[in-house]
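Chemist: Kindly generate the corresponding structure for this input.
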Amino acid sequence: MYQRTSRIAGLVTPRPVLRTPAPTTRRRPAPAPLAPTLPTRSAVGERAQAAADLVLAGAMAVVLLPVVLACVALVRLTSRGPAIYSQTRVGKNGRVFTLYKIRSMYHDCERHSGPKWSTPGDTRITPLGRVYRKLHLDELPQLWNVLRGDMSLIGPRPERPEIVAKLRESVPGYDRRHQVKPGITGFAQVHLPPDTCLRSVKNKVAYDLFYIRHASVPLALFILFATGLKLFGLKKLYQRKPRVPTE
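Modeler: Predicted coordinates for the structure are as follows:
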């Protein structure tokens, strides 16, 4: 030990020879825990569902082909523009695909507004389109998407990329819906009304995630049965009236 005289006169500062001050280090914050992933289906289960989709969608396409042709002819006779139109949608694992529908809105109606949800009393919908939307006839061409492997008969409804980019920032867990193929109908669709606001999307995501966690043959049969009841206006037989979503 020795004493070293400070530069300031009259002050003596004792300092050990062999000791050096410990360097000050900042403790890095622990990384935020990742959101838990949902259980994934086995390869056998996915192949079985794909096979069932092909068989059912093929049979439905053959039976409903005259209905599709009649709907297409009525659209061409009652409004200007193509009868079947396409949109890009986000599918499994975020892959973008082309979805087909029978046109229920006026041709090129989003030229000035851009992509947006349809709301009650939407003036963009044609009179014939309102009937198609009520009976879900405009969704029939999506059987072709099922046959192509882009979609399944049952699953979360696919959304447009422009809207998905906004929803994934505002709705926690929204991208978990993309762990499975989107569907023509789904657990959320048979229970809740179409999306109109952010709260309605959050409600549907909760139903979609429930379906992904508990996917099974009985649940799939229930959704198909409930879809048929809903088409005939009999949804009160299987559901309670949902809370009206509001912002």
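
Chemist: Please tell me how far Leu56 sits from Ala220.
Modeler: 10 Å (C-beta to C-beta, to the nearest Å). (Each C-beta comes from the backbone N, C-alpha and C, glycine too.)

Chemist: Compare these two (neighbour count), which wins?
Modeler: Ala220 (18 against 15; other C-beta atoms under 10 Å).

Chemist: Surely the more buried one is in contact with Gly155?
Modeler: No. Here Ala220 does not reach Gly155: they are 10.0 Å apart, not a contact under C-beta atoms under 8 Å.

Chemist: so which helix or strand takes in Ala59?
Modeler: Secondary structure from DSSP states H and E places Ala59 in helix 43-78.

Chemist: Check Ser86 too.
Modeler: strand 84-90.

Chemist: what does that strand rub up against?
Modeler: 72, 96-103, 141, 158-161, 164, 178, 182 (C-beta atoms under 8 Å, 6 or more residues apart in numbering).

Chemist: so after it, what's the next helix or strand?
Modeler: strand 96-102.

Chemist: what is the mean pLDDT for whatever helix or strand comes next after that following strand?
Modeler: Per DSSP H and E, the first helix or strand lying C-terminal to strand 96-102 is helix 127-135. Predicted confidence along helix 127-135 averages 92 (mean pLDDT).

Chemist: cool, and stretch 193-213?
Modeler: Here the average pLDDT along stretch 193-213 is 91.

Chemist: What of stretch 218-234?
Modeler: 91.

Chemist: Not counting its neighbours along the chain, what's nearest Pro82?
Modeler: Spatial nearest neighbour of Pro82, chain neighbours left out: Arg103 (6.5 Å); criterion: C-beta to C-beta, 6 or more residues apart in numbering.

Chemist: roughly how far apart are that neighbour and Pro156?
Modeler: Counting by C-beta to C-beta, the gap from Arg103 to Pro156 is 23 Å.

Chemist: Comparing these two, which residue is more hemmed in?
Modeler: Between Arg103 and Pro156, counted using other C-beta under 10 Å, Pro156 has the larger neighbour count: 28 against 22.

Chemist: surely the more buried one meets Thr185?
Modeler: No. Pro156 lies out of contact with Thr185 (C-beta under 8 Å); the separation is 10.3 Å.

Chemist: what about Ala215, which helix or strand?
Modeler: Residue-wise, Ala215 maps onto no helix or strand under DSSP H and E.

Chemist: So which bits of the strand holding Ser86 are buried?
Modeler: 84-85, 89-90 (16 or more other C-beta atoms under 10 Å).
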